[in-house]
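**Q** What would the 3D arrangement of this be:
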Amino acid sequence: MCISCGCGMPNDKHNNPDLITMDDLQRAARAANMSADEAAKNIADALGMKCEK
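**A** From the prediction side, this is the model:
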């Protein structure tokens, strides 16, 4: 999904560069030398959400 809006299209920014996609998450994860799953968990943790994975 476009992570921001939940549309179900993982890499579609809908002509809006401010939306976050899986490509963005993967790029950020690579920059931090971690997996996309780890980066997503860290984001969830930062937001005070519990991540099951």
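**Q** Chain neighbours aside, what residue packs nearest to residue 24?
**A** residue 3 (7.5 Å; C-beta to C-beta, 6 or more residues apart in numbering). C-betas here are computed from N, CA, C, even on glycine.
**Q** Can you tell me how far the one you found is from residue 35?
**A** 16 Å (C-beta to C-beta, to the nearest Å).
**Q** just to revisit the earlier point, for the residue nearest to residue 24, give me its contacts.
**A** By C-beta atoms under 8 Å, 6 or more residues apart in numbering, the contact list for residue 3 reads 10, 19-22, 24-25.
**Q** which of those residues are buried?
**A** For the contacts of residue 3, a burial check counting by 16 or more other C-beta atoms under 10 Å picks out 21, 25.
**Q** Including pLDDT and secondary structure, could the contacts of residue 3 go into TSV?
**A** TSV is the format used below for these (pLDDT from 0 to 100; DSSP: H, G, I helix; E, B strand; the rest coil):
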residue	pLDDT	secondary structure
10	87	coil
19	92	coil
20	93	coil
21	94	coil
22	94	helix
24	95	helix
25	96	helix
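**Q** can you list the contacts of residue 3 in JSON lines and add distance to residue 41?
**A** Putting the contacts of residue 3 into JSON lines (distance: C-beta to C-beta, whole Å) gives the following:
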{"residue": "10", "distance to residue 41": "18"}
{"residue": "19", "distance to residue 41": "21"}
{"residue": "20", "distance to residue 41": "15"}
{"residue": "21", "distance to residue 41": "18"}
{"residue": "22", "distance to residue 41": "15"}
{"residue": "24", "distance to residue 41": "16"}
{"residue": "25", "distance to residue 41": "11"}
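**Q** Cheers, nothing more for now.
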